[in-house]
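J.: Requesting a structural model of the entry that follows:
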Amino acid sequence: MFCRNCGNSLDANASVCTKCGVLRGKGVKHCWNCAKSPDPNAAICLSCGADLGNSARRAGTPLGGAAGGKSKVTAGILGILLGGLGVHRFYLGYTTIGIVQVVLTICTFGFAGIWGLVEGICILCGQLNIDAAGLPLTE
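T.: The predicted structure is shown next:
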C-alpha cells in the first residue's frame, strides 16, 4: 500500500505517512495500490485498476470530505451487537473476513461471536481505523 499524497510505501498498520505526514487514504496524487500518478478525478487507476475512492467526489462531495465515508461508531456498534455474524466486516468492505466470522460462529455454536465483540470495541477505541479501501474511518 502506498501514500496517496507522496507515493511512499506504507506499513500495513500505519495511519499516517512517515514521509509526508498525510493521513492514510488522503490525497489524490498517487494510487494507493501501485503508486502511479492517476488523473485526480479518476474513479479507478488506469495502471492497476484499483478503486481510487473518487466517485463520491464526482457525485458532489466536497474535496475536503471523506472519500470512504464509513463511520467508526457505526462499525463499532455493528461489531458489538452483530459481530458474530461479521456484519461490521461486511460494512467496512472486508467480505472474506465477514464470511469467515459467520462460518466460525455457526461451527462453534456462537462462541466465536466473541471475536466480533472484541473487534467492535477495538474499532470504537481507535485501534482498527481503516476500511477495506485503506481509507480512514470518520468520527
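J.: C-alpha from now on. contacts and neighbour counts both.
T.: Noted.
J.: just checking, residue 131 touches residue 93?
T.: Yes: Residue 131 is within contact range of residue 93, at 6.5 Å (criterion: CA atoms under 8 Å).
J.: Those two: who's more crowded?
T.: Neighbours were counted for residue 131 and for residue 93 using other CA atoms under 10 Å; residue 131 has more, 21 against 15.
J.: so who does that one touch?
T.: By CA atoms under 8 Å, 6 or more residues apart in numbering, the contact list for residue 131 reads 68, 70, 92, 93, 94, 137.
J.: What residue in this protein is the furthest from its centre?
T.: residue 109 (29.2 Å; CA atoms, centre = their mean).
J.: where's that residue, which helix or strand?
T.: Counting by DSSP states H and E, there is no helix or strand that carries residue 109.
J.: Now the buried members of the contacts of residue 131.
T.: The neighbour count (16 or more other CA atoms under 10 Å) marks 68, 70, 92, 94, 137 as buried among these.
J.: can you list the domains in this structure?
T.: By the assignment in automatic domain parsing, the chain contains the domains 1-62, 72-125.
J.: Check the ones you listed for me: which has the lowest mean pLDDT.
T.: When those are ranked by mean pLDDT, domain 1-62 comes last with a mean of 73.
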